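In: Structural data only, the sequence is not supplied:
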RNA sequence: GGCGCCGUAGCCAAGUGGUAAGGCAGAGGUCUACAAAACCUCUAUUCGUCGGUUCGAUUCCGACCGGCGCCUCCA
């Protein structure tokens, strides 16, 4: 394990390159968001005080092009897509950054940096443009391994540019007609792309902050250039202590990207899969490995997640039977040991460069142990009380680990479902007063218990036709009942946290 | 052309210089009125290919084959 030494003990200052808001948010953006969200949650779990800064690029060529194409202002474009990004991030349980600075609101800071870079001799002014001169910095290329002399010579010198070296990059671009622009010592213009991240990270975190993150497609030139201009500006090193780059999301072997138009919008994915499923799918692969995303991947994630949820539901049934008491029998002790070793293995995996795949293996090891124990109880071999308090500890451990991955594991218990179950209870009372007596109660648990009690009466009389009918109607309402030797157990019917839909279950790629 | 990454069972996916986690799918069994879930057992002598280093390599080195990313905006 590479040792993680922060600038200040116990504190972690993180800057992540956020979205350029000119189009809808796709799963590639959310992979990055989820990776850094997991990193943040894990560091917080490890008791670091985390400061997470993530920029929004709202000054950029594509935004201008889009605004012109639609005949609207750039603000209209950036507002629309920033809203989309924030909305889907929230939906996926991504914690909002502590600071979310926008490039358009930090122009003075960028101008100040550029002026200093010119003073120091690292940048030059030409015809309203300002460029950073990479050959002035011997270390240029240290992050990406790219050396100025090796860059494809002259491959890309745009017309109207006045670079001294092909690898020199724009700090400031003079205004073209119809574009947003700001006054500067070099005339009207707008900042180059790279300078915003230097200006904003230094403003909010200062030189030598702990982790700089972003997609691995940003390593060169973006992050290389950030290092160059920041270290030249500050005259100290390092700009950032650690670099964390997530790999791309792939579609049929190609990077998912806006320009290739092969993306899956997160908002669309959320129509078909729960946030937990999407997060699980994105977090189940190590962050540095490119990941193909397709229907099968999401279906697999939904099933794996179902296994986790079912284990917790079974545990809930057993805990209810134990009624709060616990005798700490062998089953309890086995669960305590399993919870401890799974937690330790999970932490070790996450310490090792955020190995979420290995971490999930620990989660499922504990799931298996929980299932072994609840299976014994539900089949009548073990008394429920003997599993406590170990079962509770195991469930707590599962919740802690999955919460670090940002999984909510909530049931889709909405009012609609509760209402349907209440209606069912009411009509059953009408139809079979001999089975259903008393009041159904108010909460979902109470109402389900009411129905199941009546159904057990039918089963006791070996009236399986009635029992089957009730079970079927409960399933239609969204409650799945399983009969076990020691009595019924139930859970909300879907295992991925949302009600199954014809679309989600019927369509296959 | 330069820089870098990847290739592990039917699929997805960790991993280690000493003999392959986990998820999905599959087979058999247990439980069971039925259904469902769970549990138990099994499923890669083998980690793209060929060489090399080593007592020993999937793990290190080299070559090759195949795939990908960046070098232009991009998470």
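Out: Arrived safely, thanks for sending. Here the structure is a predicted model, which means the values were calculated and not measured. Numbering: from 1, shown residues only, chains lettered A, B, ... in the order given.
In: residue ranges of the strands in the stretch 151-300 of chain A, please?
Out: When assigned using DSSP state E, counting those that start in this stretch, the strands of the stretch 151-300 of chain A occupy the ranges A:169-174, A:189-191, A:209-215, A:240-246, A:249-251, A:254-255, A:291-292.
In: The third one relative to strand A:240-246, how many degrees between them?
Out: Orientation note: strand A:209-215 sits at an angle of 20 degrees relative to strand A:240-246 (axes from the mean of the first three to the mean of the last three CA atoms, to 10 degrees).
In: Quick one: mean pLDDT for strand A:209-215?
Out: Computed over strand A:209-215, the mean pLDDT rounds to 97.
In: That one pairs with which strands, and in what direction?
Out: Here strand A:209-215 is paired, per DSSP bridges, with strand A:11-16 (parallel), strand A:240-246 (parallel).
In: Tabulate these (JSON lines), appending distance to RNA strand B.
Out: Where C-beta positions appear, they are placed from N, C-alpha and C, glycine not excepted. Below are the strands paired with strand A:209-215 laid out as JSON lines (distance: least, CB to the nearest atom of the strand, whole Å):
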{"stretch": "strand A:11-16", "distance to RNA strand B": "8"}
{"stretch": "strand A:240-246", "distance to RNA strand B": "6"}
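In: Need the winner for burial among those strands.
Out: strand A:11-16 (a mean of 24; mean count of other CB atoms under 10 Å).
In: mean confidence for that strand?
Out: 98.
In: and what of stretch A:467-480?
Out: For stretch A:467-480, mean pLDDT is 93.
In: can you pull the buried residues of it?
Out: The neighbour-count criterion (16 or more other CB atoms under 10 Å) identifies A:467, A:469, A:470, A:471, A:473, A:474, A:477, A:478, A:479, A:480 as the buried residues of stretch A:467-480.
In: which ones are touching the fifth one?
Out: This means residue A:473. Going by CB atoms under 8 Å, 6 or more residues apart in numbering, residue A:473 touches A:424, A:428.
In: so what's the closest residue to RNA strand B within the stretch 201-350 of chain A up against?
Out: Here the residue of the stretch 201-350 of chain A nearest RNA strand B is residue A:215; by CB to the nearest atom of the strand that distance is 2.2 Å. Residue A:215 makes contacts with A:17, A:28, A:32, A:245, A:246, A:247, A:248, as judged by CB under 8 Å, 6+ apart.
In: Output the below-cut-off pLDDT ranges for chain A.
Out: Across chain A, residues meeting the criterion (pLDDT under 70) sit at A:1-2, A:149-161, A:412-413, A:495-509.
In: Domain boundaries for it, per the record?
Out: A:11-120+A:136-154+A:193-272, A:294-404, A:415-492 (automatic domain parsing).
In: Name the next helix or strand downstream of the helix or strand harbouring residue A:421, please.
Out: Assigned by DSSP states H and E, residue A:421 falls within helix A:415-431. As assigned by DSSP H and E, the chain's next helix or strand after helix A:415-431 is helix A:444-460.
In: hang on, the earlier thing: kindly reformat the domains of chain A as CSV containing distance to residue A:162.
Out: Formatted as CSV, the domains of chain A follow (distance: least, CB to CB, whole Å):
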stretch, distance to residue A:162
domain A:11-120+A:136-154+A:193-272, 14
domain A:294-404, 43
domain A:415-492, 64
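In: Any chance of the strands of the stretch 151-300 of chain A in CSV with distance to residue A:261 as columns?
Out: As requested, the strands of the stretch 151-300 of chain A are exported to CSV (distance: least, CB to CB, whole Å):
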stretch, distance to residue A:261
strand A:169-174, 27
strand A:189-191, 27
strand A:209-215, 18
strand A:240-246, 22
strand A:249-251, 10
strand A:254-255, 11
strand A:291-292, 17
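In: ok, the helix ranked longest in chain A near RNA strand B or not?
Out: If you go by DSSP state H, chain A has its longest helix at helix A:295-322. Yes. Applying CB under 7 Å from any atom of the strand, one finds helix A:295-322 in contact with RNA strand B at A:296, A:297, A:299, A:300, A:303, A:304, A:307, A:310, A:311, A:314.
In: how many neighbours does residue A:318 have?
Out: Using other CB atoms under 10 Å as the criterion, residue A:318 is surrounded by 26 other residues.
In: for it, what are its contacts?
Out: A:373, A:374, A:377, A:378, A:384, A:387, A:391.
In: Try it again at 10 Å.
Out: Going by CB atoms under 10 Å, 6 or more residues apart in numbering, residue A:318 touches A:331, A:370, A:373-378, A:382, A:384-385, A:387-388, A:391, A:395, A:486, A:489.
In: Show me which of the residues you listed are buried.
Out: For those, buried by 16+ other CB under 10 Å: A:331, A:370, A:373-374, A:376-378, A:382, A:384-385, A:387-388, A:391, A:395, A:486, A:489.
In: Please flag which of those residues sit within helices.
Out: A:331, A:370, A:373, A:374, A:376, A:377, A:378, A:391, A:395.
In: where's residue A:56 relative to RNA strand B, distance?
Out: Residue A:56 sits at a distance of 10 Å from RNA strand B (criterion: CB to the nearest atom of the strand, to the nearest Å).
In: and what of residue A:431?
Out: Distance, residue A:431 to RNA strand B, by CB to the nearest atom of the strand: 18 Å.
In: re earlier: out of the ones in helices among the buried ones among the contacts of residue A:318, who's nearest RNA strand B?
Out: Ranked by distance to RNA strand B (CB to the nearest atom of the strand), those are led by residue A:374 at 6.4 Å.
In: my read: that closest one touches residue A:381, true?
Out: No. Between residue A:374 and residue A:381 there is no contact under CB atoms under 10 Å: 11.0 Å.
In: what residues are shared contacts of those two?
Out: Residues touching both residue A:374 and residue A:381 by CB under 10 Å, 6+ apart: residue A:331.
In: what's around residue A:39, how many residues?
Out: Residue A:39 has 23 nearby residues by other CB under 10 Å.
In: try the one 3 residues further on
Out: Residue A:42 is surrounded by 20 other residues when neighbours are defined as other CB under 10 Å.
In: likewise residue A:435?
Out: A count of nearby residues for residue A:435, using other CB under 10 Å, gives 21.
In: repeat for the one 4 residues further on
Out: Residues near residue A:439, counting by other CB under 10 Å, number 10.
In: Wait, it touches residue A:425, no?
Out: Yes. Here residue A:439 reaches residue A:425: they are 9.4 Å apart, a contact under CB under 10 Å.
In: and residue A:263, what does it touch?
Out: Taking CB under 10 Å, 6+ apart as the criterion, residue A:263 is in contact with A:23-29, A:249, A:251, A:255-257, A:293.
In: Helices - which of those residues land there?
Out: The helices, defined by DSSP H, take in A:27, A:28, A:29 from these.
In: For those, please prepare a markdown table with the additional fields neighbour count.
Out: Output for the ones in helices among the contacts of residue A:263, formatted as a markdown table (neighbours: other CB atoms under 10 Å):
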| residue | neighbour count |
| --- | --- |
| A:27 | 23 |
| A:28 | 26 |
| A:29 | 25 |
